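>>> Requesting a structural model of the entry that follows:
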Amino acid sequence: MMELRRLRPSEFRLLGNELANGAKASAFLAALKACLKSVNAGDAADADDLFVMSRKLSAAGVWDQMPVDRLTATLHRASRAAVDPVIDGMPQALAENIRSLLDAMENDELRRRA
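Below is the predicted model:
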């Protein structure tokens, strides 16, 4: 499995190209899920690493290639403290869309529990 926080610049570009060709979406989402689980959600250094990783993914066009519903579902399963730096590193329009979708999912869960 790929380790997103350890990818080299050329590997980010390759990943972006592979996703543009319809490959590796499931592998990428699994790697993202593992990455989010591996961090200490309250640690500032981990938050910085996640933000930088997300910016590199943005620069490589990775976020542009991901289906928003699958990406949101993956992010929803992780701690919000780990997810927020990743969202902050995304292109602004996508970040706003993802935040809105995550908030709606959380509100739906709260309503079901009430």
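>>> so the closest residue to residue 1 other than its chain neighbours is in which element?
Nearest residue to residue 1, sequence neighbours excluded (Cβ to Cβ, 6 or more residues apart in numbering): residue 31, at 5.7 Å. All C-beta atoms are positioned from the backbone trio N, CA, C, and that covers glycine. Assigned by DSSP states H and E, residue 31 belongs to helix 25-38.
>>> I'd like the next helix or strand past that helix.
helix 44-59.
>>> in that next one, what counts as buried?
Buried residues in helix 44-59, counting neighbours by 16 or more other Cβ atoms under 10 Å, are found at 46-47, 49-51, 53-58.
>>> Now do it against helix 25-38, angle only.
160 degrees (axes from the mean of the first three to the mean of the last three Cα atoms, to 10 degrees).
>>> Just list the residues touching the nearest residue in space to residue 88 that is not next to it in sequence, thanks.
In space, and not counting its chain neighbours, residue 88 is closest to residue 51: 5.6 Å by Cβ to Cβ, 6+ apart. Residues in contact with residue 51, defined by Cβ atoms under 8 Å, 6 or more residues apart in numbering, are 85-86, 88-89.
>>> hmm, try it at 7 Å
85, 88-89 (Cβ atoms under 7 Å, 6 or more residues apart in numbering).
>>> are any of those buried, and which?
By 16+ other Cβ under 10 Å, the contacts of residue 51 give 85, 89 as buried.
>>> which one of the contacts of residue 51 is nearest residue 64?
The shortest approach to residue 64 among these belongs to residue 89, at 13.4 Å (Cβ to Cβ).
>>> Report the mean confidence score over the helix or strand containing residue 106.
For residue 106, the host element (DSSP H and E) is helix 92-113. Helix 92-113 carries an average pLDDT of 90.
>>> ok, residues contacting that helix?
Residues contacting helix 92-113 (Cβ under 7 Å, 6+ apart): 63, 68, 71-72, 75-76, 87-88, 90.
>>> Please repeat the previous calculation with a cut-off of 10 Å.
Contact partners of helix 92-113, identified using Cβ atoms under 10 Å, 6 or more residues apart in numbering, comprise 54, 58, 63-64, 66, 68-69, 71-73, 75-76, 80, 83-84, 86-91.
>>> No further queries at this time; thank you.
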